[in-house]
Structure formats: C-alpha cells, structure tokens
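S.K.: One predicted model, sequence on top.
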Amino acid sequence: MPCKFHTDRPQEYTCETCQAPLCHDCGVDILGHVYCLQCKEEVLRSYERGETVETGAARGPSPFENRREIGFLRGLTETLKESMFRPQEFFGRIEPEANLGDAILYGVIVGSVAGVIGQVWQLAFGDAFQQFLPIEYRDARSEAIQRMLNIIMLFGMPLIVLVYGFLQSAVYHLALLVVGGAGRSFSATARAVFYGYGATVWSVIPFCGGLIGGLWALIITIIGISKLHDTALWKAIVAYFLPILVCACGILLPIILVIALRG
C-alpha cells in the first residue's frame, strides 16, 4: 500500500492515531510510537500539557473513517477487531464528536449484515422449533405472520438499524444528562452506540449468537460512552440501564396498584 503523502513510496509504518499508511520519511517516532506529520503536532501538545501517550494521546479517526487511505475492507475489519476486542484503547483514541456520518455508516453496514443473518436463521430454523411445541400451541396463522415479519425485516434491516440506533442514542444521551455524565454532545453518544453494533456480528452463530452479540454490544457501548464523554464508568453504566429501569417501573407500578386496590 502506498504512503498517504507520497503515493510513489511503499508503506513502512502506520500512524497510531489516524491509521494512515506512512513511508520511511513520513513516520515520526515519539517515544516508540509512530505518528504522521499531521498527528505529531497534537501528540507534542499533549506532552506539553503533561499527558502521556497512553493516557493523553492525540485522538483521530477510526480505521473505518480512514478507509480512503487504507482501503474499505481493511478499515472495516480493523475497526471491527479493535472495537470488539480492545474497546478501551479504541474509544480512547478516536475523535469523540467528529465523523458521525462514518460511524453511522459503519453501524448500519455491520448491524444490517448481522440482522439479515439472524433473520435467515429464524426463517431456516423457525419451523423446526415449532415441532417441539405441543399441538395446542401451534398456530398456522401466527406462524405465517411471523414469517412475513421476518421477510419484511430482512429487506428493511438497514432502515431498522438506522432508526433504532438514533432512538437508542437519544435515550442514552438523555439518561447521561440526568446522571451528569454527558461531557460532550449527542454525537459522542451516537458514535459509541453505532460503533458498538460491531459486536452484533456474533449473530452469524445460530441459536446463541444473538444473545452473545447483544451482551457484547452492551459492554462495548458502555465503555464507549465512558471514553468518548470522558465520564466515570459507573455513570455510563447507570445511564445505560436507567431507561430500562424507568420502563420496568412504568409497567410494574400500575399492575401493583391494580392488585393492591383489588385486594
């Protein structure tokens, strides 16, 4: 792959901040970390503020946001790998609020592929599960409706992921404001949510993949919110579960009141 700044020279280094391919002359080594000429200035300013490379390194784009330089497939796979298996490092070095459109595109692509695969598994194995149910619980009409919904979701998955991602981000950001954990704008929350959708690739595993992916995405999103908002981890956790708690109370309290009044 050619150097970002000298297309006639081969890549020898990769900038640790923006992931740009660099030739021998463009890679700047700062205490064992290689940066491009653009990111070097911010790194040096970080040192002037007394920060270290590990705790205060310059933030930059994710590999997916840098896909024009490193290639689409590489940008996608590196972002997927880093966000899933090194989320603290990943969210600690990407820009908190920039390039929201790229984060959304990444989340929609990965989330849609995972969602489509999940729907395929349901269509493929749905009838098999029905065979284990007692005859009185089998309903041909319900099965037909469920199959139709699966097909609709199959073709409308990108729109579903997009809308759900924005709603999820809005709810979490409101919860962050409530607990005092919103250190930045809505864009930071949305970036954490959409990059967290990378974990949904576990849906390629039938039966248990959806559960694994959901739990994994939960963990990644909480870490992402904490890092991108520069807020305490406990605030990110509370903000994540606060809407669930509010909904649960909204459902349970009327039921409890009705039971109490009847009693």
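M.R.: That came in fine, so what should we check first? Numbering: from 1, shown residues only.
S.K.: residue contacts, residue 24?
M.R.: With contact taken as C-beta atoms under 8 Å, 6 or more residues apart in numbering, residue 24 is in contact with 9, 12-13. Using the backbone N, CA and C atoms, a C-beta is placed for each residue, glycine as well.
S.K.: likewise residue 89?
M.R.: Residue 89 is in contact with residue 82, counting by C-beta under 8 Å, 6+ apart.
S.K.: Show the pLDDT at it.
M.R.: On pLDDT, residue 89 comes in at 87.
S.K.: Provide the secondary structure category for it.
M.R.: Remark: residue 89 carries the secondary structure label helix [criterion: DSSP: H, G, I helix; E, B strand; the rest coil].
S.K.: Would you quantify the distance from it to residue 59?
M.R.: As judged by C-beta to C-beta, to the nearest Å, residue 89 and residue 59 stand 12 Å apart.
S.K.: Next, residue 70: phi, psi?
M.R.: With angles defined as degrees, to the nearest 10, residue 70 shows backbone torsions of phi -100, psi -10.
S.K.: wait, isn't it in contact with residue 64?
M.R.: No - between residue 70 and residue 64 there is no contact, the gap being 9.4 Å when judged by C-beta atoms under 8 Å.
S.K.: Between those two, which contacts overlap?
M.R.: By C-beta under 8 Å, 6+ apart, the residues touching both residue 70 and residue 64 are residue 78.
S.K.: Quick check on these two: which one has the bigger neighbour count.
M.R.: residue 64 (29 against 20; other C-beta atoms under 10 Å).
S.K.: Contact partners for the more buried one?
M.R.: The contact partners of residue 64, by C-beta under 8 Å, 6+ apart, come to 75-76, 78-79, 102, 105-106.
S.K.: Now secondary structure and neighbour count too, for those, in CSV please.
M.R.: Compiled in CSV, the contacts of residue 64 are given as follows (DSSP: H, G, I helix; E, B strand; the rest coil; neighbours: other C-beta atoms under 10 Å):
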residue, secondary structure, neighbour count
75, helix, 22
76, helix, 17
78, helix, 20
79, helix, 26
102, helix, 20
105, helix, 16
106, helix, 26
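S.K.: Mind picking the two most distant members of those residues?
M.R.: Across the contacts of residue 64, the longest distance by C-beta to C-beta is 15.3 Å; it joins 78 and 105.
S.K.: hang on, the earlier thing: any of the contacts of residue 24 buried? List them.
M.R.: residue 13 (16 or more other C-beta atoms under 10 Å).
S.K.: The spatially closest residue to residue 38 that is not a sequence neighbour in helix, strand or coil?
M.R.: Sequence neighbours aside, residue 18 is the residue nearest to residue 38 in space, at 7.3 Å (criterion: C-beta to C-beta, 6 or more residues apart in numbering). Counting by three-state DSSP, the backbone at residue 18 sits in coil.
S.K.: How about residue 64?
M.R.: coil.
S.K.: Let me see the contact set for residue 178.
M.R.: 239, 242.
S.K.: pLDDT value on it, please?
M.R.: 93.
S.K.: mind checking which helix or strand it is in?
M.R.: Using DSSP states H and E, residue 178 sits within helix 157-179.
S.K.: next helix or strand past that helix?
M.R.: Heading C-terminal from helix 157-179, the first helix or strand you meet, by DSSP H and E, is helix 186-196.
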